[in-house]
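K.L.:
here is my input; please provide its structure:
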Amino acid sequence: MDSSSNERRPPRRRVKVTEYIDYHRDGFIVARGLASAEVIEELKAYADDLLYGRIEAPGVHAPKWDDSQSDLYKRFTRIHMIHRHHAVAEKYFLYPPIIDVLEALIGPDVLALQTMLFLTPPGLGGQGWHQDAYYIPTFPDTLIGAWLALDRADEENGCLWVIPGSHAEPIYPTPERNAQVHAEESFEDLEQVENVSMLDDSINTLTRVVRKYPDPIPVTCEPGDVIFFHSHLLHRSYRNRTTDRFRRSFVSHYCNGRSWVPWNHGQPWEGPSANSQHILARGATHLPFAQPKFGTPVYLASAAPAAASAPMRMMAVNGDMTPGS
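P.N.:
Numbers count the residues shown, from 1 in each chain. Down below sits the predicted model:
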C-alpha cells in the first residue's frame, strides 16, 4: 500500500557493490551529495524556524522576545522525534534516496524509527563514545543510522568521529541497561561500561574498547552528504570550537521491517512491541506499523512474499509497489 497512490516513485539511488562491502567491513559509508541543494535549504530553513520559535519545538519552551543569541542557542542543541510533529521532518525521514540505500544495506523491508535535528551552534554540542543500539534495541538487531549534513562538518565544528571496524563489537551493557540487546549470560566476558556518551574519556569507560583499535578518524562532510552507520559502531563528536559556524544535521534511525522493536522514545504503547508506532518506509512486514502522519508517500510491497520463496522484484505502478518479473 502507499500513502499517496497518485505519486510516482522517483528514480532509485542504486548502491555500488563497493559501498556494500565498505559498509559491512568498516561499519559505515558516506554517500556524497545524496541530498540536493534544494533539500538542504528546506531543512536549514526548518532548523531556523525551530531555533527562532517561528514553529513549535516539541518539548522545548518558546523563546522570549528579549532572548540573546546565546539564550536561543541554549534552548536546545538537538531535538527528537520531530517527524511526529512537522511535515517537513516526516518528508525527509522518508526521503526516497536515503530509503533506497537502506533497502540495499538492511532491507528489503525498512522500518523508520527516529528523527533528530542537531543544531550544534558555536561553543556547544558534542557527545562521547557510544553505540546507538545501546539506546534503541531491535530484535533481530538491525538498527542503522543515517546522518544528513546540512552544513559542512569538519574537525573544527564537531564532525562525527568513528572507529572503522568497531561495529563487530557487541553492545556493551551498563549497570542501568544490562541486557539491552544480547541475551543475559550469552557472553562469558562481556564487561559492563559506565558513563557512555559522556564527553570526558576518563569517565566514559567505552574508551577502553576504543583503545583496542587504531586511532579514530574524522568523517568530514559537505552539505547533502549522508553517513550511513551500523548501530554497533563506536562513534562520537566534539564540541563545536568555531565562533561563527553551526554544524547542523538531520539524523534518522531505521531497522529491518521484520525486526521486533520494544522502543518508542520513552512513550507508552499497547501490545508486546512498539512496531505499530513506527512507519514502514519500504517493503513489507508481518508486524503492525504506522502510516505517515502527514501523508508522505512511501513505496511498499503490495503483498508479503510467501515464506521460503525468493525475494520478489518490485515495480512502481502509480506509486504502488507491485510484483514484477
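K.L.:
mind listing the strands for the stretch 101-250 of the chain?
P.N.:
110-118, 127-130, 144-149, 160-162, 217-219, 226-230, 235-237, 249-256 (DSSP state E, counting those that start in this stretch).
K.L.:
buried residues in stretch 40-47?
P.N.:
40, 42-44, 46-47 (16 or more other Cβ atoms under 10 Å). Placement of C-beta: from N, CA and C, glycine included.
K.L.:
same thing with stretch 258-266?
P.N.:
Using 16+ other Cβ under 10 Å as the test for burial, stretch 258-266 gives 258-259, 261, 263-264.
K.L.:
measure residue 197 to residue 134 for me?
P.N.:
Remark: distance between residue 197 and residue 134 (Cβ to Cβ, to the nearest Å) = 9 Å.
K.L.:
of the buried residues of stretch 40-47, just say which sits nearest to residue 113.
P.N.:
Proximity of the buried residues of stretch 40-47 to residue 113 (Cβ to Cβ) peaks at residue 43, which lies at 19.0 Å.
K.L.:
three-state assignment of the closest one?
P.N.:
Here residue 43 is helix, with the state taken from DSSP: H, G, I helix; E, B strand; the rest coil.
K.L.:
please shift the residue numbers so they start at 75 in all later answers.
P.N.:
Right, with 75 as the first residue, what we last looked at is residue 117.
K.L.:
show the pLDDT at it.
P.N.:
pLDDT recorded at residue 117 is 98.
K.L.:
related to what we said a few turns ago, will you turn the buried residues of stretch 114-121 into CSV that also has distance to residue 130?
P.N.:
Putting these into CSV (distance: Cβ to Cβ, whole Å) gives the following:
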residue, distance to residue 130
114, 23
116, 18
117, 17
118, 18
120, 12
121, 14
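K.L.:
from these, which is closest to residue 370?
P.N.:
Residue 370 lies nearest to residue 116 out of the buried residues of stretch 114-121, by Cβ to Cβ, at 13.5 Å.
K.L.:
doesn't residue 162 make contact with that closest one?
P.N.:
Yes. Counting by Cβ atoms under 8 Å, residue 162 is a contact partner of residue 116 at 6.4 Å.
K.L.:
sec struct for the residue of the chain most remote from its centre, please.
P.N.:
Centroid-distance maximum for the chain: residue 140 at 34.7 Å, with Cα atoms, centre = their mean. Three-state assignment for residue 140 (three-state DSSP): coil.
K.L.:
pLDDT below threshold where in the stretch 75-224 of the chain?
P.N.:
75-81 (pLDDT under 70).
K.L.:
now find how far off-centre stretch 162-177 is within its chain.
P.N.:
10 Å (Cα atoms, centre = their mean, to the nearest Å).
K.L.:
using PDB, write out the CA atom coordinates for that stretch.
P.N.:
Only the C-alpha atoms of stretch 162-177 are listed here, as PDB (Å, rounded to 0.1, in the frame of the first residue of the first chain):
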ATOM      1  CA  VAL A 162       8.900  18.600   6.600                       C
ATOM      2  CA  ALA A 163      10.700  16.300   9.100                       C
ATOM      3  CA  GLU A 164       8.500  13.400   8.000                       C
ATOM      4  CA  LYS A 165       9.200  14.200   4.400                       C
ATOM      5  CA  TYR A 166      13.000  13.800   4.800                       C
ATOM      6  CA  PHE A 167      12.700  11.000   7.300                       C
ATOM      7  CA  LEU A 168      11.100   9.100   4.400                       C
ATOM      8  CA  TYR A 169      13.300  10.700   1.700                       C
ATOM      9  CA  PRO A 170      13.500   8.100  -1.100                       C
ATOM     10  CA  PRO A 171      17.200   8.200  -1.900                       C
ATOM     11  CA  ILE A 172      18.000   7.500   1.800                       C
ATOM     12  CA  ILE A 173      15.500   4.700   1.900                       C
ATOM     13  CA  ASP A 174      16.900   3.300  -1.400                       C
ATOM     14  CA  VAL A 175      20.400   2.900   0.300                       C
ATOM     15  CA  LEU A 176      18.800   1.400   3.400                       C
ATOM     16  CA  GLU A 177      16.900  -1.100   1.300                       C
END
